[in-house]
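[1] output the structure for:
(chains A and B)
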Protein chains: 2
Amino acid sequence: MLDESCCAEVRGLIDKRNWNGVKKMLPTLPAADVAGYLVGLDKNEKILLFRSLPRDFSAEVFAEMEPSNQDLFLKQLSDKETSQLLADLPPDDRASVFQELPAQVTWKLYKLLSPGDLKEVKHILGYPEESVGRLMTPDYIAVRPNWKIKDVLEYIRKKGRDSETTSRIYITDEKGHLFDDIRLRHIIIADPEKDIKELIKGDVTTISAFEDQEKAVHLIKKLNINALPVVDSSNAMVGIVTFDDLMDVEEQEVTEDFQKIAAISTTKEDTYVEKIGEASITLLYRKRILWLVFLVFMNIFSGAAASLFEKTIAKYIVLIFFMPLLIGSGGNAGSQSSTLMIRALATGDVKQNDWLKMLKREFMIAGLLGLTMGVAVSFIGIFRGGPLIAAVVVLAMFLIVIFGSLIGISLPFIFTKLGKDPAMASGPLIQSLCDITGIIIYFSIATVILEIP
Amino acid sequence: MLDESCCAEVRGLIDKRNWNGVKKMLPTLPAADVAGYLVGLDKNEKILLFRSLPRDFSAEVFAEMEPSNQDLFLKQLSDKETSQLLADLPPDDRASVFQELPAQVTWKLYKLLSPGDLKEVKHILGYPEESVGRLMTPDYIAVRPNWKIKDVLEYIRKKGRDSETTSRIYITDEKGHLFDDIRLRHIIIADPEKDIKELIKGDVTTISAFEDQEKAVHLIKKLNINALPVVDSSNAMVGIVTFDDLMDVEEQEVTEDFQKIAAISTTKEDTYVEKIGEASITLLYRKRILWLVFLVFMNIFSGAAASLFEKTIAKYIVLIFFMPLLIGSGGNAGSQSSTLMIRALATGDVKQNDWLKMLKREFMIAGLLGLTMGVAVSFIGIFRGGPLIAAVVVLAMFLIVIFGSLIGISLPFIFTKLGKDPAMASGPLIQSLCDITGIIIYFSIATVILEIP
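    Sure thing, here's the model as predicted:
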């Protein structure tokens, strides 16, 4: 609690321009008040007084200022001072500095953060999980269009040591708006007296910091470049994502897809098991048991379906011996289709709205597969059950393979439509669905053909 | 057919140093003979005469020379002349030039070939399919250790336009032996008057041209660099592989693994279906039918296994209703294990000789899974079949899940051991194997528990 007399005293010292007195007094006052006094002063005086404050306290004072005043202060401070100030700020205040200041200021500030602080800021800034923003680095070299090429080279010489990559140099204006990226080699082979803007072709491709990391993977592959410039929502450049980080992202995405396809849960906080060799027994147990138990309960329907045909089965016990073969084949054809689609959707080879086209084509492929499988199974049918059983088995095989394939091709699209990962259409899930439909198809045909005459 | 008088005539003209006469005469003689005459001449004269030959004929003559003489000739010719000469050579002769000349000569010649010729030479040179050699490019910049940095920069300015990447510069001796790769930015920020060798750290990693492309993918990911230097069997640098080509390789390998896991054949000349969206119906049919039919014949064993227990089944028809559930669960647990292992072997997370360790751990995980699944299925067992049937089903589930998991974890290792791709341990193959073992386990237990009392 400070009384009014204290405030009056500071005001008095300020009015008398007794800076030494003010210096001594300020650290004893609340940070919010100090912020208020400082903002009212002249440019030179306020920066001198701010610098005189103890380190931790100056950070507190800074945190109390309005964004527009913070901006003015930052412009006066050296890079080293800013870096120190940012390090001293508590994480939430640090993030709000980045959130509230205009992009053209923040994209400079990023570079002054320690790697740990940077990660934290990105997190708090609210770039979504698995977004490009979480992956980008602010360590790139940006130059102005009106710089001479020799000045650009001089600048690279000075800054190049800290930058993640210098194989591309970015030309931006003061607000961070990107004109182009220029390959370092093109700068080296150009006339040093020319302006860098003469190298601008304006064909640069950027990606939003809020975009999914997988999009960046696709883009960098398509463009065959080793770094992509990242822009924020106001289209100002805020960083780059480099090929090595994106290769790691891709490896993770692929491993995740593999696990999903094998019905291994990836819904927990730790989305997937990264290193199988090092994963604990309990983690692997947890990841695997969910789907396995779920599929047990799905498979109850297969049993229930079979029990509907108890009479037919009891009468023609030989039908049992074709059951694993028939429902297995449906599941096999179905997993083939679903896996092809999951991968094609992941690489962008097939798009969500290609469903109908794919479904039509799958119908024809599945018809051919069903015919062949029917022929293959007809010999065993005749050998083990006679012509009538053979007819049942062949017809069932034909229809089960078609149904299985259509389930397999549709499920990844349906999951995508529902906002889920298409890779959830795992082999085991498809197999369970095919078990149920297969049993119904098989015994229905058997009942019709064997019981009616 | 030439008579001796003709040969004598050329010899005579040569002895008289009547070069115009020789020039006129040479194109009328066999290439092998011309090669013989030329090799015997002085350095200047032979190159002058060689240049005077008609283009196609000069290539023929060149092809007839011994490698050591070809080497001498190439040293005399300009890059443009060499490039033209190489283009004029028939593909097999061109390849044998590369095969027989020492590496220090060939690694220069690579750069003088057209992209089409280069691909052909690599093929004929015998770099194995899917080897790094087939993927590498000779377009890189190599400098000598004793060059000054300013000379290196000058050289980059001159050569940089044609090179695939200039973000790294390679320091080699005349024989192509690599001392180090230096990042372009380190060259730019170094003192121009220094020798480039002062930047050598000697920590460069190379890869053999005969190595598998997947090895290069692993290496470039581990090192986080955008190009890897490639060396031949004599350890001379012959090219670089760049991250963009390796990313494409990885995408292909992953797609191939996905297809194998779904039991889609990848053994044909076109190893896998690259673009599902554009693949023809017949191609997809061919790729899918092989395994499907093979699995039908494997599944005959399931039927045969079941028929061994015909009596028990006929007596306890309710057993049938648990069959899809039990064999399905074994297959599901097995596909989880096999897919985890296939991916772990592909990323290098698990090695071939970790099998025993993985098997032991899997045994414990599978035990836990089996217990949980047994509990889950016990309720359905009691509800649908009474306590005795429930006992059979629970015990069968426990053992089937353990067997399935052990099959799943072992098969990828076994395929690797046999020199096959571990991804051949597809979900459907595992499922079929689990069907057979599952049926035997289930009905054996049923026979023992239900029939003996």
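[2] and for the residue most central in space within chain A, nearest residue in space, chain neighbours not counted?
    The centroid of chain A falls nearest to residue A:130 when counting by Cα atoms, centre = their mean (2.6 Å). Distances taken as Cβ to Cβ, 6 or more residues apart in numbering or on different chains put residue A:213 closest to residue A:130, at 5.2 Å, once the chain neighbours are dropped. Quick note: C-beta positions are derived from backbone N, CA and C, even for glycine.
[3] does that neighbour touch residue A:246 like I think?
    Yes - Residue A:213 is in contact with residue A:246 according to Cβ atoms under 8 Å; the separation is 7.3 Å.
[4] mutual contacts of those two, please.
    Shared contacts of residue A:213 and residue A:246 (Cβ atoms under 8 Å, 6 or more residues apart in numbering or on different chains): residue A:135.
[5] around residue A:294, how many other residues sit close by?
    Taking other Cβ atoms under 10 Å in any protein chain shown as the criterion, the count of residues near residue A:294 is 17.
[6] name the nearest residue to residue A:105, ignoring sequence neighbours.
    Closest to residue A:105 by Cβ to Cβ, 6+ apart is residue A:71, at 5.8 Å.
[7] how about residue A:35?
    Nearest to residue A:35 is residue A:64, by Cβ to Cβ, 6+ apart, at 3.9 Å.
[8] please give me every residue in contact with that neighbour.
    A:31-32, A:34-35.
[9] again, but for residue A:371
    If you count contacts by Cβ under 8 Å, 6+ apart, then residue A:371 has residue A:398 around it.
[10] quick one: residue A:247 from residue A:182, how far?
    Noted for residue A:247: a distance of 24 Å to residue A:182, by Cβ to Cβ, to the nearest Å.
[11] now residue A:366
    According to Cβ to Cβ, residue A:366 stands 52 Å off from residue A:182.
[12] ok, these two, which is more surrounded?
    When residue A:366 and residue A:182 are compared on other Cβ under 10 Å, the one with more neighbours turns out to be residue A:366, at 25 against 22.
[13] tell me how far residue A:380 lies from chain B.
    6 Å (Cβ to the nearest Cβ, to the nearest Å).
[14] tell me which element that residue is part of?
    helix A:355-417 (DSSP states H and E).
[15] what's the mean pLDDT across that helix?
    Mean pLDDT, helix A:355-417: 93.
[16] now the element after it, going C-ward?
    Counting by DSSP H and E, what follows helix A:355-417 is helix A:427-446.
[17] same for that next one, what does it pack against?
    The contact analysis (3 or more Cβ pairs under 8 Å, 6 or more residues apart in numbering or on different chains; DSSP states H and E) places helix A:427-446 against helix A:281-307, helix A:310-315, helix A:323-347, helix A:355-417, helix B:323-347, helix B:427-446.
[18] make a markdown table out of the ones you listed and add distance to residue A:217.
    Listed next are the helices and strands packed on helix A:427-446 as a markdown table, based on distance: least, Cβ to Cβ, whole Å:
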| stretch | distance to residue A:217 |
| --- | --- |
| helix A:281-307 | 24 |
| helix A:310-315 | 51 |
| helix A:323-347 | 10 |
| helix A:355-417 | 18 |
| helix B:323-347 | 16 |
| helix B:427-446 | 26 |
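[19] let me know the pLDDT of the residue nearest to residue A:130.
    Reported pLDDT for residue A:213: 90.
[20] which residues touch it?
    A:130-132, A:134-135, A:241, A:246, A:249.
[21] now, which of the contacts of residue A:64 sits nearest residue A:84?
    residue A:31 (17.1 Å; Cβ to Cβ).
[22] my read: that closest one touches residue A:56, true?
    No - at 10.0 Å, residue A:31 does not count as touching residue A:56 under the criterion of Cβ under 8 Å.
[23] looking at these two, which one has more neighbours?
    Shown here are residue A:31 and residue A:56; by other Cβ under 10 Å, residue A:31 has more neighbours (19 against 10).
[24] count the neighbours of the closest residue to the more buried one other than its chain neighbours for me.
    In this structure, residue A:31 finds its nearest non-sequential neighbour in residue A:60, 3.9 Å apart by Cβ to Cβ, 6+ apart. Other residues within reach of residue A:60, judged by other Cβ under 10 Å, total 19.
[25] kindly report the same for the one 5 residues further on.
    Each residue near residue A:65 was counted by other Cβ under 10 Å, and the total is 20.
[26] can you tell me the closest non-neighbouring residue to it?
    Setting aside the residues directly before and after it, residue A:65 is nearest to residue A:35 in space (Cβ to Cβ, 6+ apart), at 4.9 Å.
[27] residue A:372 now?
    Excluding its sequence neighbours, the residue lying closest to residue A:372 (Cβ to Cβ, 6+ apart) is residue B:289, at 5.5 Å.
[28] touching, the one you found and residue A:370? I think so.
    No - using Cβ under 8 Å as the test, residue B:289 is too far from residue A:370 to be in contact (10.4 Å).
[29] can you tell me the SS state at residue A:349?
    Put simply, residue A:349 is coil when judged by DSSP: H, G, I helix; E, B strand; the rest coil.
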